[in-house]
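Q: structure, please.
(one chain, ligands or ions: 2)
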Amino acid sequence: MPLRCIAVQTKPFEGQKPGTSGLRKPVTVFKQPQYTENFVQATLSAMDGEQEGATLIVGGDGRFLMKDVSLKIVQMAAANKVQKVIIGQNGLLSTPAVSCIIRKYQAAGGIIMTASHNPGGPSGDFGIKFNTSNGGPAPESITNKIFQLTTKIAEYYTCPDLKPDLKTVGVQEFDVDNRNFTVQVVDSVEDYLQMVNEIFDFGSIRQLLSDGLKIVINAMHGVMGPYAKRIFCEELGAPEDSCINCEPKEDFGGHHPDPNLTYASDLVDLMKQGIHGFGAAFDGDGDRNMILGKNGFFVTPSDSVAVIGANAKCIPYFQKTGVKGLARSMPTAGALDRVANIEGFELFEVPTGWKFFGNLMDADRLSLCGEESFGTGSDHIREKDGLWAVLAWLSILAARKQSVKEILNDFWTKYGRNFFTRYDYENVEAEPANQMMSNLRQMVADSGYIGKEYSHGDKTYKVAKADDFCYTDPIDSSVSQKQGVRIIFEDGSRVIFRLSGTGSVGATVRMYIDSFESDTAKLQLDAQVVLKPLVETALQLSQLRELTGRQEPTVIT
Ligand code: VG1
Ligand code: CO
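A: Residues are numbered from 1 along each chain as shown. Ligands and ions are numbered 1, 2, ... in the order given. Predicted coordinates for the structure are as follows:
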């Protein structure tokens with residue numbers, strides 16, 4: 001007997017607009033009857049028939065609600081005439097693994113169940129993100145289309161009696177309305193492992209570890225636990241206690257699965273004991289990474305991507321493909337620009353969000369890119385890739401036989417140092433946050449603003465350029481406006497303001513501060529000390545404290 005598909009009547013929900021990276025809302029919002037179904041249907045409908053007879057990849061970071069949603073997606077995929085769903089065991093797949101699997105099996109796309117670094121559990125967040133056939137996050141043209149569809153949805157399609165076993169690896173065949181429908185449950189790690197094994201020299205990393213480099217990897221109870229254990233312990237021979245917080249938990253152990261100095265402070269403390277020479281942490285869905293050296297030496301993400309670029313010859317993948325170009329998101333500090341300049345690579349500056357790198361990669365213009373928000377990656381897939389970044393760093397350590405700190409010192413001596421910090425003000429009331437942004441927009445739109453001077457202590461900053469960042473994609477000429485207010489001073493220092501597009505309640509204000517130093521006597525200074533006058537200037541010109549009522553940020557990185 002074939003399984004029957006049905007159409008279910010529904011009504012639009014407000015606010016199903018994907019942000020920087022998919023739709024993210026509190027679990028309580030996703031739990032409303034038909035809320036999830038509406039968004040999944042809009043996503044499948046936005047594929048415009050491409051899904052019919054095609055393969056769809058499904059996976060997620062293991063957070064609360066994912067079990068229910070995995071089944072809903074498979075049932076709806078079947079009713080929307082998808083021929084085959086490839087899904088991770090128990091639904092678990094990291095974001096980079098989904099990207100890898102979409103490309104490997106030439107799928108029409110993938111649906112990722114994640115709110116990334118946002119907390120999980122019944123009172124945390126859930127999220128759904130769509131990736132296209134190149135393996136990358138859907139561009140704005142598609143996310144806008146999904147949103148439009150959610151505003152007028154009247155019915156969704158599902159196959160309620162389809163009950164695949166998502167716990168056991170293997171292939172299951174079903175007859176859905178007289179069509180063949182396949183569910184293939186795959187080991188969460190296998191395809192990803194094969195890929196990184198091909199693009200890195202595991203032998204040299206194994207040697208580095210057996211020569212005595214002690215590493216510690218923190219999966220923050222996100223999806224990366226099984227990847228870390230399999231790759232670092234089983235494949236590369238690191239001892240078992242090298243991997244911590246490696247059991248995926250639906251609520252990430254009650255923490256923010258966000259690899260930064262605040263939320264991964266347990267790793268920082270452990271590294272400060274001086275036992276380990278290298279430490280790293282990942283976020284909930286495994287696309288972000290934080291890199292630490294001995295004694296908790298912190299590598300800023302902006303420096304991390306630049307160091308990888310400067311040492312590309314240590315990485316077998318780049319030896320083979322060459323470096324076609326470099327890119328960073330606009331608020332990311334300019335260290336990568338210096339590498340591009342000196343090494344003669346093309347450099348692109350894109351808006352915040354990994355989706356903006358995809359076109360450049362597809363056009364063979366971009367090999368390596370990063371964001372200040374702990375995202376690093378290359379064109380081996382179309383997502384940022386935390387474990388890839390760690391393997392890239394270990395490859396550099398193996399080739400250079402130096403410590404993380406020595407590598408950074410060499411880098412700063414050669415290219416100069418960009419001091420960078422980001423202040424996050426989470427959960428600010430939306431109205432004053434919007435007011436602040438609109439004041440800033442107005443301020444920089446005034447041509448008389450150029451040349452304005454701000455003083456703090458013995459420092460004076462003169463405005464050289466100011467705008468609300470607008471990006472024209474060099475490949476398809478699509479335009480993205482209002483991507484962040486930036487004020488660039490005559491000495492090259494920058495202050496940038498934007499509102500987060502991944503928060504789920506109220507507003508999160510992000511303030512980014514970047515300043516370049518080439519005086520070798522100043523390279524070792526503490527970033528917070530160096531940047532203090534610029535931070536105060538930024539707070540002053542934005543009236544952030546006065547408008548939001550916040551005296552201190554929630555997180556400083
Ligand atoms: C943040 C970061 C951005 C990153 C995005 C998704 O966005 O700033 O650089 O690409 O998160 O990362 P926003 O709009 O909140 O600033 V992930 O790992 O949460 O998918
Ligand atoms: Co993430």
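
Q: L3 versus S70, what's the distance?
A: According to Cβ to Cβ, to the nearest Å, S70 and L3 sit 17 Å apart. Yep, even glycine has a C-beta here, placed from its N, CA and C like the rest.

Q: I meant to write F64 there.
A: 28 Å.

Q: buried stuff in stretch 207-218?
A: Buried residues in stretch 207-218, counted by 16 or more other Cβ atoms under 10 Å: L208, L209, L213, I215, V216, I217, N218.

Q: now do the same end-to-end measure for stretch 256-272.
A: Distance between the two ends of stretch 256-272: 21 Å, counting by Cα to Cα, to the nearest Å.

Q: can you check stretch 8-17 too?
A: Terminal residues of stretch 8-17 lie 22 Å apart, using Cα to Cα.

Q: out of the buried residues of stretch 207-218, who's nearest V82?
A: I217 (35.2 Å; Cβ to Cβ).

Q: on the three-state scheme, the closest one is what?
A: Under DSSP: H, G, I helix; E, B strand; the rest coil, the three-state class of I217 is strand.

Q: S188 too?
A: coil.

Q: what about it, distance to L93?
A: Separation of S188 from L93 (Cβ to Cβ): 6 Å.

Q: more neighbours, the two?
A: Using other Cβ atoms under 10 Å as the criterion, S188 and L93 rank with L93 on top: 34 against 26.

Q: the residue nearest to that one when sequence neighbours are not counted pairs with what?
A: Among residues not flanking L93 along the chain, G59 sits closest, at 2.5 Å (Cβ to Cβ, 6 or more residues apart in numbering). Note on G59: beta-bridge partners by DSSP bridges are I112.

Q: any part of the helix or strand that Y425 is a member of near ligand 1?
A: Using DSSP states H and E, Y425 falls within strand 417-428. No. Among the residues of strand 417-428, none lie within reach of ligand 1 under Cβ under 6 Å from any ligand atom; the closest is 8.5 Å away.

Q: can you list the buried residues in that strand?
A: By 16+ other Cβ under 10 Å, the buried positions in strand 417-428 come out as R417, N418, F419, F420, T421, R422, Y423, D424, Y425, E426, V428.

Q: given it, what are its sheet partners and their directions?
A: If you go by DSSP bridges, strand 417-428 pairs up with strand 507-517 (antiparallel), strand 555-556 (antiparallel).

Q: compare those strands and give me the one nearest D379.
A: With Cβ to Cβ as the criterion, D379 lies closest to strand 507-517 of these, at 25.3 Å.

Q: on that earlier part again, any chance of the strands paired with strand 417-428 in a markdown table, plus mean pLDDT?
A: Shown next, in a markdown table, are the strands paired with strand 417-428 (pLDDT from 0 to 100):
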| stretch | mean pLDDT |
| --- | --- |
| strand 507-517 | 94 |
| strand 555-556 | 91 |
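
Q: most tightly packed of those?
A: Ranked by mean neighbour count, the strands paired with strand 417-428 are led by strand 507-517 with a mean of 22 (mean count of other Cβ atoms under 10 Å).

Q: starting at the chain centroid, how far to that one?
A: Computed by Cα atoms, centre = their mean, to the nearest Å, the chain-centroid distance of strand 507-517 equals 18 Å.

Q: next SSE after it?
A: Beyond strand 507-517 toward the C-terminal end (DSSP H and E), the next one is helix 527-542.

Q: which positions within the helix or strand following that next one qualify as buried?
A: Counting by DSSP H and E, the next helix or strand C-terminal to helix 527-542 is helix 544-548. Residues L544, L547, T548 are the ones in helix 544-548 that count as buried (16+ other Cβ under 10 Å).

Q: and for stretch 229-238?
A: Neighbour-count burial for stretch 229-238 [16+ other Cβ under 10 Å]: K229, R230, I231, F232, C233, E235, L236, A238.
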